[in-house]
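Visitor: Show me how the following folds:
(chains A, B, C and D)
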Protein chains: 2
Amino acid sequence: MPKLPPLNALRAFEAAARHEGFIGAAEELHVTRGAVSRHVKLLEEHLGVPLFRRHAQGVSLTEAGRRLMPVLTESFARIAREADRIASDALDLHIICPPATSIRWLLPRLDGFRDRHPEIRVRLTTDFHCDTKFDGLEYDLGFSIENQPTRAPNIAVQGLFDVRMSPACSPAYLASHPLARPEDLAQADLLHETPRHGDWTDWLATFPVAGVDPAQGHDFANLDLATRAAVMGAGVVMADMVLCRDELEAGTLVLPFPEMVSGSPLGGICLLGMADKWELPKVRVFRDWVAEQAAG
Amino acid sequence: MPKLPPLNALRAFEAAARHEGFIGAAEELHVTRGAVSRHVKLLEEHLGVPLFRRHAQGVSLTEAGRRLMPVLTESFARIAREADRIASDALDLHIICPPATSIRWLLPRLDGFRDRHPEIRVRLTTDFHCDTKFDGLEYDLGFSIENQPTRAPNIAVQGLFDVRMSPACSPAYLASHPLARPEDLAQADLLHETPRHGDWTDWLATFPVAGVDPAQGHDFANLDLATRAAVMGAGVVMADMVLCRDELEAGTLVLPFPEMVSGSPLGGICLLGMADKWELPKVRVFRDWVAEQAAG
DNA sequence: ACCTTGGATCAGATTACCTGATCCATGATA
DNA sequence: TATCATGGATCAGGTAATCTGATCCAAGGT
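Guide: So this is what the prediction gives:
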């Protein structure tokens, strides 16, 4: 098992070797030359070999020193580079967001945030398991669909907008599959997102409709895909009023039962963050911007 | 300019990451878990990112930790490996010796030393510039041809044998180039070693012979090559009685003027060493063995 | 012969580090 | 469900490693 020499002595030696003198190294390390001299001597004693030849003007490497130096220079540079990258990543704003919210709501607006705050580099991770994954370590903020506002005391929450759902389909689908009454949904193709798979169940809990099997229909990996399938006329999706606003305004999706929009029971979209980071400038600024977007 | 985090903290983190826990790391580093905890915390503060996720049983790496760990593991291993090699080389006995002495005297005897002291690994460097190169840093002992026994006070010297020189040639050369009297050397092909080029001059200073031009003849990179050229009948070499003993005993070289053997003025072969290492076991043992070989 | 440069060295000050005790959260055990 | 075991966090206090700053010394340059 190879043993590691004293690391600070290695660093002093490496600096001295690079500067070809102890004074240069001392300046770089913000210590006196005596300290560098001591470190080098310690390392030489540890290894049992002289690493420098001392002459009147500076020092020069011995064979042993010449072998050791490049290893140290490269290793230290590699460590410093990686540590720097990690530290600078920590300055970025890391956000995690579920797929549909990410692709249909956040991403289209994010350029606006970047324009307003070019100094903050936003790094968005789109993943379904936001709420369970969110522990404040990897991510500064997380989007989540919550109906219980209670969480661990160190997690702060900021509500954005309610989840308001209603069945939606393309005008073409509506023409070929008459949906005059809610009961007609029993014959319709229901479109689901698989990970939650509760959208239809939740809505039917609010608006009980006899004869509709909430398990029937097609499954999609996320709500965005299900919605796009609905636009293409594949069936009826349980559409979120906010996330599907573009399609509803453009008329590519229509609501057969516009009066039957479920409200808060299904929960609301909110932002999660660690309580101790909640007021960091980068977090604060993003929270304010998101709140503004959600209101507008 | 990337900045290097505290190195001891990096080492503690690396060990903790490898052991997936602070206790294992603490044992490896021979400290308490509190110390490891402190180091890791320090590093996390330095980088501004958590490196571990703490749970009840041990810890697991965060994204940042997962990026940092392999860099450290590899770098430290590389440093430890090289440092170990350098340290173990320091245990070897490093000797520097001029070419002719090396090839004609030391090397043939060295197996005998290895047999007697298999625990000492001898590393022989054959190089002309022994005496100037020898500073006790790269080499533990150096062979040198000295005529002035005074050196720096920190250099110890041990005489081995005198340099005793006399012209020598092959029997065939002698037959075709009669060398009845020293003056006949004026017509002979003199064989020189180039780096010193003083062998004939020195000998002629002891035995002045009218008409002989010490610059005339052929040059060889070292005395061994010149001697082998003489054996092949190329001319007359200034042969060392010790280094050419084999050829003289076998009769492949003969001395036209056996009574004209120069003595101590040309100096003697000796061993050089740093005074402070002079009595190290490995040095002592080698010195004794060389003295024995020189006497025998 | 003088001065400048650059490393070696030492006593004393300072800092970083380690210890060892205690606390706390979690998951296993009964 | 209470208890225990495990493993990390934390803190005050002591110790050891490290740094400072003065001084010394050797080697080149002028």
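Visitor: how close does the residue lying farthest from the centre of chain A sit to DNA strand D?
Guide: Note on chain A: the largest C-alpha distance from the chain mean falls to A:Ala56, namely 57.3 Å (C-alpha atoms, centre = their mean). Separation of A:Ala56 from DNA strand D (C-beta to the nearest atom of the strand, to the nearest Å) stands at 3 Å. Every residue, glycine included, has its C-beta placed from N, CA and C.
Visitor: Checking that residue next. Helix, strand or coil?
Guide: Assigned state for A:Ala56: coil (three-state reduction, DSSP: H, G, I helix; E, B strand; the rest coil).
Visitor: Can you name the residues that contact it?
Guide: Residues near A:Ala56 by C-beta atoms under 8 Å, 6 or more residues apart in numbering or on different chains: none.
Visitor: Give me the phi and psi angles of it.
Guide: Backbone geometry at A:Ala56, expressed as degrees, to the nearest 10, gives phi -60, psi -50.
Visitor: Check the gap between it and A:Gly21 for me.
Guide: Remark: distance between A:Ala56 and A:Gly21 (C-beta to C-beta, to the nearest Å) = 11 Å.
Visitor: anything in the helix or strand A:Val71 falls within near chain B?
Guide: Per DSSP states H and E, A:Val71 falls inside helix A:63-91. Yes - Helix A:63-91 lies within reach of chain B by C-beta under 8 Å from any C-beta of the partner chain, at A:63-64, A:67-68, A:71-72, A:75-87, A:89-91.
Visitor: Only the buried subset of those, as a PyMOL command please.
Guide: Per 16 or more other C-beta atoms under 10 Å in any protein chain shown, the buried members of these correspond to this PyMOL selection:
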select buried, chain A and resi 63+64+67+68+71+72+75+76+78+79+80+82+83+84+86+87+89
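Visitor: any chance you could map the helices in the stretch 101-250 of chain A?
Guide: A:107-116, A:130-133, A:171-176, A:199-206, A:223-231, A:245-250 (DSSP state H, counting those that start in this stretch).
Visitor: so of those, which one's packed in deepest?
Guide: Of all the helices of the stretch 101-250 of chain A, helix A:223-231 carries the top mean neighbour count, a mean of 22, counting by mean count of other C-beta atoms under 10 Å in any protein chain shown.
Visitor: Are there helices or strands packed against that helix, and which ones?
Guide: Contact analysis of helix A:223-231 by 3 or more C-beta pairs under 8 Å, 6 or more residues apart in numbering or on different chains; DSSP states H and E lists helix A:99-101, strand A:190-193, strand A:218-220, strand A:236-240 as its packing neighbours.
Visitor: tell me how far the last one is from the chain's mean position?
Guide: The chain centre lies 26 Å from the centre of strand A:236-240; the measure is C-alpha atoms, centre = their mean, to the nearest Å.
Visitor: Summarise which helices and strands it is packed against.
Guide: strand A:165-168, strand A:190-193, helix A:199-206, helix A:223-231.
Visitor: Let me know the angle separating it from helix A:223-231.
Guide: Strand A:236-240 and helix A:223-231 are oriented at 130 degrees to each other (axes from the mean of the first three to the mean of the last three C-alpha atoms, to 10 degrees).
Visitor: Show me the shaky parts of the stretch 101-250 of chain A.
Guide: Scanning the stretch 101-250 of chain A for pLDDT under 70 picks out the ranges A:130-133, A:147-153, A:195-197.
Visitor: Show me what secondary structure element comes after the helix holding A:Val71.
Guide: Sequence-wise, the next helix or strand downstream of helix A:63-91 (DSSP H and E) is strand A:93-97.
Visitor: Which positions in that following strand come out as buried?
Guide: Buried, per 16+ other C-beta under 10 Å, within strand A:93-97: A:93-97.
Visitor: just curious, which of the residues you listed is nearest to chain B?
Guide: For the buried residues of strand A:93-97, the minimum distance to chain B (C-beta to the nearest C-beta) is 9.1 Å, reached by A:His94.
Visitor: ok, the residue lying closest to that closest one once chain neighbours are set aside - contacts?
Guide: Once flanking residues are discounted, A:His94 sits nearest to A:Tyr139: 4.6 Å by C-beta to C-beta, 6 or more residues apart in numbering or on different chains. A:Tyr139 sits next to A:94-96, A:125, A:133 when contact means C-beta under 8 Å, 6+ apart.
Visitor: Next: A:Leu185.
Guide: Going by C-beta under 8 Å, 6+ apart, A:Leu185 touches A:167, A:179, A:209, A:212, A:236.
Visitor: How about A:Ala83?
Guide: Counting by C-beta under 8 Å, 6+ apart, A:Ala83 makes contact with B:2-5, B:10, B:47, B:68.
Visitor: so which strand or helix has the nearest residue to A:His19 once chain neighbours are set aside?
Guide: Closest residue in space to A:His19, ignoring its immediate chain neighbours: A:Ala25 at 4.9 Å, by C-beta to C-beta, 6+ apart. Applying DSSP H and E as the criterion places A:Ala25 in helix A:22-29.
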